[in-house]
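**Q** sequence isn't available, so here's the structure alone:
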């Protein structure tokens, strides 16, 4: 009886070892997953852009609706060119779309230091207030922008949007 149990144990052990046999591959070929030809590829390297192209990449990302990527590239842009109002406005607009209004306010303050109360600045900041549901401050900025440039279609559209949104309850 003991010899029968020993034979069965030996047979099971040999079958187990036969299942572990390698086809003569390298050291990393220990599992059925290890296929050197179709194994995992390394992650692609991060995209690096020359300093003068970062702002352009940020604008493209924003236009495509990739606000997180746009925020990243606008942030890099203001780090490289801290006096660039366009980069600060883009950063603020990206934060608006990400609903990070606290950070957007900081970026608008920085942009205001470089360009002051221009039509673009007032319109963008007014739109930020509109997104927050602060219709009074949005109207103030839109009207200031309208006074500076009454023929600007973007300001006129934002004023119309503001007028239409007055009937809706305040959004939080």
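**A** On my side now, so go ahead. The structure displayed is predicted, hence computed values, not measured ones.

**Q** domain ranges for this protein?
**A** Following automatic domain parsing, the chain resolves into domains at 47-116, 117-166.

**Q** nearest to residue 3, of those?
**A** The closest of these to residue 3 is domain 47-116. By Cβ to Cβ, the value is 68.9 Å. In short, each C-beta sits where N, CA and C put it, glycine included.

**Q** strands along this structure, start to end?
**A** Remark: no strands are assigned in the chain by DSSP state E.

**Q** in it, which ranges drop under the pLDDT threshold?
**A** The model of the chain has pLDDT under 70 over residues 1-2, 5-7, 9-51, 167-172.

**Q** span of stretch 88-107 from start to end?
**A** Using Cα to Cα, to the nearest Å, one end of stretch 88-107 lies 6 Å from the other.

**Q** show me where the protein has helices.
**A** Applying DSSP state H to the chain gives helices spanning 2-19, 54-63, 67-80, 85-97, 101-115, 119-132, 135-148, 153-165.

**Q** from those, which stretch is densest packed?
**A** Of all the helices of the chain, helix 85-97 has the most neighbours on average by mean count of other Cβ atoms under 10 Å, namely a mean of 24.

**Q** need the contact partners of that helix.
**A** Residues from elsewhere that reach helix 85-97, judged by Cβ atoms under 8 Å, 6 or more residues apart in numbering: 55, 58-59, 62, 67-68, 70-71, 74-75, 77-78, 81, 101, 103-104, 107-108, 110-111, 114-115, 120-121, 124-125, 127-128, 131.

**Q** now residue 58. Nearest residue, chain neighbours left out?
**A** In this structure, residue 58 finds its nearest non-sequential neighbour in residue 73, 3.5 Å apart by Cβ to Cβ, 6 or more residues apart in numbering.

**Q** who touches that neighbour in this structure?
**A** Taking Cβ under 8 Å, 6+ apart as the contact definition, residue 73 lies against 49, 54, 55, 57, 58, 61.

**Q** export the domains of the chain to CSV and append columns for distance to residue 4.
**A** Below are those laid out as CSV (distance: least, Cβ to Cβ, whole Å):
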stretch, distance to residue 4
domain 47-116, 67
domain 117-166, 81
